[in-house]
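# Here is the input, now give the coordinates:
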Amino acid sequence: MKKIIFLVATIGSLGACEINHDTSPKGSFTSESDAALSVALSGRTLTLGANRINVGADGRLSGSAANGAAILGTWSIRNGKWCRTLISPEAMAGSACQSLAIEADKAAINGTIYNID
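Here you go, the predicted structure:
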């Protein structure tokens, strides 16, 4: 396990929640088509410790960070990347497209492994 600073920019830190987790992918994570990636995440919840991000089928993001900060924004898949625009928390507001790979019930976003619930 590596000790890292988790920055949920949605998925960068919502106040620098320090947690321990293993960022090494288990098995072979693969990239798929935008449509397949969207289907795999749409209507699901991404979790990492106490961090929860609801990935709405309507393109909205909502949830909470381990420190209690609300997560609000939108998401899409473009060119195989997880693209998100956050409006809350204010410190993380803005847009970014991040690498994405999915294997079974795990999503690797910028190398950080989330459970897909």
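# how much space is there between S99 and N115?
Applying Cβ to Cβ, to the nearest Å, the value for S99 to N115 is 18 Å. For glycine as for every other residue, the C-beta is placed from the backbone atoms N, C-alpha and C.
# nope, E103 is what I meant
In terms of Cβ to Cβ, E103 sits 12 Å off from N115.
# next one: N79
25 Å.
# Next: T85.
Using Cβ to Cβ, one gets 23 Å for the distance from T85 to N115.
# Repeat that for L86.
L86 is 20 Å from N115, where distance means Cβ to Cβ.
# Give me the phi and psi for L41.
The phi/psi pair for L41 (degrees, to the nearest 10) reads phi -110, psi -30.
# Can you tell me the closest non-neighbouring residue to it?
V55 (4.8 Å; Cβ to Cβ, 6 or more residues apart in numbering).
# Look up which residues are beta-bridged to the one you found.
R44, L61 (DSSP bridges).
# Thanks a lot, catch you later.
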